[in-house]
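Asks: Need a 3D model of the following:
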Amino acid sequence: MLGRYYFTRQAASLLRFARSTSNPELAALLVQKAADLRSQIEPQQRSSEDKSPQPPDVEWSVPRGPSH
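Replies: Down below sits the predicted model:
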């Protein structure tokens, strides 16, 4: 499996080339390819995140002192 470093370098190269070209269609294609590489990195990051159960959202009401 290819590592995150590889995908990051490839995406950076594509973005550099997209900025340097005067062809807007090519630039758009290169940016899209860089985004595709980024999406391949993200699932790997999610797998290393904490997957423990999260507590439910609870709203606490704070008791107020006696009203005068």
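Asks: Identify each buried residue in stretch 5-19, please.
Replies: Using 16 or more other CB atoms under 10 Å as the test for burial, stretch 5-19 gives F7, A11, L14, L15, A18. C-beta: built from backbone N, CA, C; applies to glycine.
Asks: Which of the residues you listed fall within strands?
Replies: Counting by DSSP state E, none of the members of the buried residues of stretch 5-19 fall within strands.
Asks: Tell me the one of the residues you listed nearest K33?
Replies: L14 (5.3 Å; CB to CB).
Asks: Export the buried residues of stretch 5-19 as a markdown table, with columns for pLDDT and distance to I41.
Replies: As requested, the buried residues of stretch 5-19 are arranged in a markdown table below (pLDDT from 0 to 100; distance: CB to CB, whole Å):
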| residue | pLDDT | distance to I41 |
| --- | --- | --- |
| F7 | 84 | 5 |
| A11 | 91 | 8 |
| L14 | 93 | 13 |
| L15 | 94 | 14 |
| A18 | 95 | 18 |
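Asks: Name the surrounding residues that touch the helix or strand bottoming out on mean pLDDT in the chain.
Replies: The weakest-scoring helix or strand in the chain, judged by mean pLDDT, DSSP states H and E, is helix 24-47 (a mean of 82). Helix 24-47 has contacts (CB atoms under 8 Å, 6 or more residues apart in numbering) with R4, F7, T8, Q10, A11, A12, L14, L15, F17, A18, R19, T21.
Asks: run the last query once more with 6 Å
Replies: Residues outside helix 24-47 that contact it (CB atoms under 6 Å, 6 or more residues apart in numbering) are R4, F7, Q10, A11, L14, L15, F17, A18, T21.
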